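Chemist: what's the 3D shape of this:
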Amino acid sequence: MRILMLTQWFDPEPTFKGLAFARKLVDHGHEVEVLTGFPNYPGGQLYPGYPLRLWQRESVDGISIIRVPLYPSHDRSVVRRTWNYLSFAIAATVLGPALVRRPDVIYAYHPPGTVGLPALALGRWFSAPVVYDVNDLWPDTIISTGMWGRRFRLPTRLLDRFCRFVYRHADRVTVVTAGFRRALIERGVAADRVDVIYNWAPEQQPEPLQPILHRNAEDGFHVVFAGTMGLAQGLDAVLEAAARCVASVPRARFRFVGGGVDADRLERRAREMRLANVEFLGRQPLAATQAILHAADALLVHLKDDPLFAITIPSKTQAYLAAGRPIVMAVRGDAADLVIRAGAGVTAEPGNPESIAEAVRKLAEMPAAERDRMGRAGREFYERELAIGCAVAKFDALFREAGPCRAPFRKRLFDISVALTVLLTLWPLMAIVALAVRLRLGSPILFRQLRPGWNGRPFRMLKFRTMGDACAPSGRPLPDGQRLTGLGRFLRRLSLDELPELWNVLTGDMSLVGPRPLLMDYCDFFTSREKLRFRMPPGITGWAQIHGRNRSPWDERLERDVWYVEHWSFALDLRILAATARQVLRAESVVEDPRSLMLNLDEERGPCAP
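Modeler: Predicted structure coming up:
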């Protein structure tokens, strides 16, 4: 398969799902192309050899990498950070269609949440399924880290609505914790479209320790924190724990490895507190960092005590488990559960210096053999359940499952061209119809209903209203035929009520020709063969529509839908469109109450057919 990796960050930037991930996918037989930005993370400055330009192509190990421009920044400024995210999203959306080859599947790495814009746009443009990999829950993360304060309430609400839209409209969503999965399901994402695939640790052999890092057993009990030092980490609590350890664990030495927006302030505070047992080593190459981890007595994970972080597993957790050293896990929820499950360390309360110091004391006083046992247990757990090979095998299966379900590219181009032309031509007629509906039936003018679309993904289908709101004494709506107005009969006879569906065609939710989208409730009763109708986008018209339209029996309509999917050709679409035009002009096969010919759900409720 041809896989497009869409990610704002890619090598040489430090990223978890970058070049190593792409290489593994190539090993599985895939062709990988990367659409990314010019490298500037984490310092916010462009890397040497990467001058900003409109685009740049390069190739590494046969992997094509396309870079598009962005605003380089990664500091505390909300405006600059926001523009950094938005600039890449806009550039990838605008330039992507012209620069990348048509993929079979799009893999999008989130964060930042703005990557959802090019992910969905390119998915619609290429008619390719989108696998959206959520490594950070937005907007929850930027709220919890304090990036956006109270004065950004409106942007936060808008971002929340955008992210929910992306989560619900991606074809498949992968998450890195079970807590993220629960959260997305609560936000309306179908449970069968969300998969948990844990992150892994970067794979590279540790290099020999530099002289400054050499140590022996008499050198103290070394606790290492390695990674980003930002607002989310809340590392003031760790400094205060180090101050307590001066008395309770005199051997304890705290080493901070890495950088971040809060690193300089933390180092200044440590000097102000006169903490002789704290050392900041700055950013180190990956191999050097891994060497430091392997040489540590204990490895520390800490995040602020926030509800979001209870469903988060910090990426350093996997690196710590792979290093085979005992862990002090000062994070609640999923991350703590993972370490407990692995038997790889002890837990502490986040934000509680006394609890962190006590966890360090517990490990320091533990026999070295017991600490080594914990480290081995963590390493074995990592190899068994979290290593890159395990995760890539799951992604490979997911890509192969999602990849074949897509519309041919020329079909999509034809849909866009025709829908746009008709909308631009008939907008005066649509305006007249909208006015007539408003005067006769009131507001709303459009009828919106959730229908199953491509791959079974729900979407809201649009039509002009044709019925009133009359109800029976029981409170239930009257049959469609009794609620249908004279205007509605006229609109249905000429199929004018279907015109708003051209907008669904433009957005990629529908096609001009395809299986007609039925009600969501009917999905429970499709057989495995009938579910093949979801392998193509639903259509305004289709093979079943020109063979009796709504008058055909249920089973015949579904079988004709499947036949269309199995025998699709561009010539077949043109034939169906021509036949539909004849039917509309002759007002053939129009039924006032289509549900009267559909499956009776009240009688058919029961287990789904195999």
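Chemist: Every contact and neighbour count from this point should use C-alpha atoms.
Modeler: Fine.
Chemist: looking just at contacts, which helices and strands does the longest helix anywhere in the chain meet?
Modeler: For the chain, the helix with the greatest residue count under DSSP state H is helix 409-441. Packing partners of helix 409-441 (3 or more Cα pairs under 8 Å, 6 or more residues apart in numbering; DSSP states H and E): helix 116-126, helix 501-507, strand 511-513.
Chemist: That one vs helix 116-126, what angle?
Modeler: Here the directions of helix 409-441 and helix 116-126 differ by 110 degrees (axes from the mean of the first three to the mean of the last three Cα atoms, to 10 degrees).
Chemist: residues in contact with residue 86?
Modeler: residue 114 (Cα atoms under 8 Å, 6 or more residues apart in numbering).
Chemist: secondary structure element for it?
Modeler: Secondary structure assignment for residue 86, by DSSP states H and E: helix 78-99.
Chemist: Report the buried residues of that helix.
Modeler: 80-93, 95-96, 99 (16 or more other Cα atoms under 10 Å).
Chemist: mind exporting it as CSV, just the C-alpha atoms?
Modeler: Provided in CSV are the C-alpha atoms of helix 78-99 (Å, rounded to 0.1, in the frame of the first residue of the first chain):
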residue,chain,number,x,y,z
VAL,A,78,0.5,31.9,22.7
VAL,A,79,0.3,33.9,19.4
ARG,A,80,3.5,32.5,18.0
ARG,A,81,2.8,28.9,19.0
THR,A,82,-0.7,29.1,17.6
TRP,A,83,0.7,30.5,14.3
ASN,A,84,3.3,27.7,14.2
TYR,A,85,0.5,25.1,14.3
LEU,A,86,-1.9,27.0,12.0
SER,A,87,0.8,27.8,9.4
PHE,A,88,1.7,24.2,8.9
ALA,A,89,-1.9,23.1,8.7
ILE,A,90,-2.7,25.7,6.1
ALA,A,91,0.4,25.0,4.0
ALA,A,92,-0.2,21.2,4.1
THR,A,93,-3.8,21.7,3.1
VAL,A,94,-3.1,24.1,0.2
LEU,A,95,0.1,22.5,-1.2
GLY,A,96,-0.5,18.9,-0.3
PRO,A,97,-2.8,18.0,-3.2
ALA,A,98,-0.1,19.3,-5.7
LEU,A,99,2.9,17.8,-4.0
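Chemist: ok, then the element right after it?
Modeler: Going down the chain from helix 78-99, the next helix or strand is strand 105-110, by DSSP H and E.
Chemist: now the end-to-end length of stretch 261-280.
Modeler: 14 Å (Cα to Cα, to the nearest Å).
Chemist: let me fix that: stretch 450-462
Modeler: 9 Å.
Chemist: can you give me how far it is from the chain middle?
Modeler: 19 Å (Cα atoms, centre = their mean, to the nearest Å).
Chemist: Tally up the residues packed near residue 305, please.
Modeler: 19 (other Cα atoms under 10 Å).
Chemist: Please give me every residue in contact with the closest residue to it other than its chain neighbours.
Modeler: Nearest residue to residue 305 in three dimensions, chain neighbours excluded: residue 350, at 5.3 Å (Cα to Cα, 6 or more residues apart in numbering). Neighbouring residues of residue 350 by Cα under 8 Å, 6+ apart: 237, 302-305, 330-332, 356.
Chemist: how about TSV for these, with pLDDT, secondary structure and distance to residue 365 added?
Modeler: Below are these laid out as TSV (pLDDT from 0 to 100; DSSP: H, G, I helix; E, B strand; the rest coil; distance: Cα to Cα, whole Å):
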residue	pLDDT	secondary structure	distance to residue 365
237	95	helix	22
302	95	strand	21
303	91	coil	25
304	88	coil	27
305	87	coil	27
330	94	strand	19
331	92	coil	22
332	88	coil	24
356	95	helix	14
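Chemist: Now do the contacts for residue 511.
Modeler: Applying Cα under 8 Å, 6+ apart, we find residue 511 in contact with 412, 415, 504-505, 537-540.
Chemist: let me redo that: residue 261
Modeler: Residue 261 sits next to 75-76, 229-231 when contact means Cα under 8 Å, 6+ apart.
Chemist: Recalculate using a threshold of 6 Å.
Modeler: By Cα atoms under 6 Å, 6 or more residues apart in numbering, the residues touching residue 261 are residue 230.
Chemist: Can you verify it is assigned to a helix?
Modeler: No: going by DSSP: H, G, I helix; E, B strand; the rest coil, the assignment for residue 261 is coil, not a helix.
Chemist: Distance check, it against residue 417.
Modeler: 48 Å.
Chemist: hang on, the earlier thing: from the chain's centre, how far out does the longest helix of the chain sit?
Modeler: For helix 409-441 - counting by Cα atoms, centre = their mean - the centre lies 32 Å from the chain centre.
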